[in-house]
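Engineer: Return a 3D structure for these sequence lines:
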Amino acid sequence: MTERLGRADLHIHTLASDGTAGVVDILEHVERSTELDVIAITDHERIDAALAGRAIARDRGLSVEVVVGEEVTTLGGHLLALWIETPVKPFRSMRSTIAAIHDQGGLAIPAHPLVPYPLCAQGFMLRRLLADEPRFRPDAIEAFNPTTLGRPWHRRVVRFAEEHGLARVGNSDAHSLEAIGIGYTTFEGHDGAALRAAIAARTTHHHGTFHPPGEQLGTFGRQLRKYGRDMRDNVGGVLRRDGRRRDLGYPRELAPRELADRQDAAS
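Structural biologist: Alright, predicted model coming up:
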């Protein structure tokens, strides 16, 4: 009997950015309701929830491995930074951002690419990067992202990956529990090390199901309510002067104190 391939979802958001679920809820959902072996928490411009998620998963002896990641806003679009240990500075060129990710031993993967939208990397820029030195090249491409916006461009992304010999990953870009795992990557093995090796060898495969039209409106409504709670809690913390701020959805003591303090101040 052939052993099943490992499964990974490397693009998941939490309450720490624009997701609607906390880290513990995400971990419990993945363990209970999915077949994922590896996940990456990739909040916008912060990694404290990802660090906490990794610590919780290890402390509880969960079967899922948590990769510390970040969705970095660059001048050329959103970029997934994976296997990192410190936050990556946003709002720089994609070229310099990829270099910064590589400098700390991480992998850089353009998120939801080729969609004609400012937050998506475009083909002309990716071709230029792929012709550059290895330090500035992306390590793979997000060939499947289930958003309605990306659906018309999916085949174009797959074709681009094939033409340029890029490793392909599939992700959920999940902002809610129920979306986790609807896009995923398969690979030989079942842990993060095997996944990294498969990306380097370009042997990964993307899979997934697109969101039906209108389904994401419910998530958008939950996000709006979350933003309202965040604003209320932040203003309340300032007025009370008690140091309490918005709920980031994880036990803060599990993230490095200095990192949490610095990123709380920026939120």
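Engineer: Going by C-alpha atoms from here, please, whenever you check contacts or count neighbours.
Structural biologist: OK.
Engineer: Let me know how buried A201 is, in neighbour terms.
Structural biologist: 11 (other Cα atoms under 10 Å).
Engineer: whoops, R151 was the one
Structural biologist: Residues near R151, counting by other Cα under 10 Å: 17.
Engineer: got the contact list for it?
Structural biologist: Counting by Cα atoms under 8 Å, 6 or more residues apart in numbering, R151 makes contact with N145, F210.
Engineer: One more: the one 10 residues further on?
Structural biologist: Contacts were defined as Cα under 8 Å, 6+ apart; by that measure A161 touches I141, A143, A167, R168.
Engineer: What about these, which are in helices?
Structural biologist: Applying DSSP state H to the contacts of A161, no entry is found in helices.
Engineer: farthest pair in those?
Structural biologist: A143 and A167 (8.7 Å; Cα to Cα).
Engineer: Between these two, which has more neighbouring residues?
Structural biologist: Between A143 and A167, counted using other Cα under 10 Å, the more crowded position is A143 (30 against 23).
Engineer: Double-check that P213 belongs to a strand.
Structural biologist: No: P213 is assigned coil when assessed by DSSP: H, G, I helix; E, B strand; the rest coil, not a strand.
Engineer: neighbours around it, how many?
Structural biologist: Neighbours of P213 using other Cα under 10 Å come to 10.
Engineer: ok, now how distant is the closest residue to it other than its chain neighbours from F210?
Structural biologist: Spatial nearest neighbour of P213, excluding adjacent residues (Cα to Cα, 6 or more residues apart in numbering): T148 at 6.7 Å. Counting by Cα to Cα, to the nearest Å, the gap from T148 to F210 is 7 Å.
Engineer: cool, V169 as well?
Structural biologist: The value you get for V169 to F210, if Cα to Cα is used, is 15 Å.
Engineer: The two - which one has more neighbours?
Structural biologist: V169 (28 against 16).
Engineer: separation between that one and H206?
Structural biologist: 5 Å.
Engineer: I figured the residue nearest to P213 hits T209, correct?
Structural biologist: No: with contact defined as Cα atoms under 8 Å, T148 does not reach T209; the gap is 10.6 Å.
Engineer: In this protein, which helix is the longest?
Structural biologist: helix 216-240.
Engineer: residues of it that come out buried?
Structural biologist: By neighbour count on 16 or more other Cα atoms under 10 Å, the buried set for helix 216-240 is Q216, T219, F220, R222, Q223, K226, Y227, D230, D233, N234, G236.
Engineer: Now do the contacts for the third one.
Structural biologist: Under the criterion of Cα under 8 Å, 6+ apart, F220 has no neighbours.
Engineer: and it, what pLDDT?
Structural biologist: F220 carries a pLDDT score of 78 in this model.
Engineer: separation between it and A174?
Structural biologist: From F220 to A174 the distance is 12 Å (Cα to Cα).
Engineer: re the thing from before, quick check: neighbours shared by V169 and H206?
Structural biologist: A143, F144, Y184, T185.
Engineer: Neighbour-wise, which one of those residues leads?
Structural biologist: Of these, with other Cα under 10 Å as the count, F144 tops at 32 neighbours.
Engineer: now it: how far from L75?
Structural biologist: For F144, the distance to L75 - Cα to Cα - is 22 Å.
Engineer: Repeat that for R222.
Structural biologist: Taking Cα to Cα, one finds R222 at 28 Å from L75.
Engineer: Also T86?
Structural biologist: 20 Å.
Engineer: what do you get for D139?
Structural biologist: Distance from D139 to L75, by Cα to Cα: 18 Å.
Engineer: Same drill for the two, tell me which one is more crowded.
Structural biologist: D139 (22 against 17).
Engineer: State whether that one and H164 are indeed in contact, as I suppose.
Structural biologist: No: using Cα under 8 Å, D139 makes no contact with H164, being 11.6 Å away.
Engineer: model confidence over the strand ranked longest in the chain, on average?
Structural biologist: Longest strand of the chain, by residue count under DSSP state E: strand 65-74. For strand 65-74, mean pLDDT is 98.
Engineer: would you list every one of the strands in this structure?
Structural biologist: 6-12, 38-41, 65-74, 77-82, 107-110, 140-144, 167-170, 183-187, 205-208.
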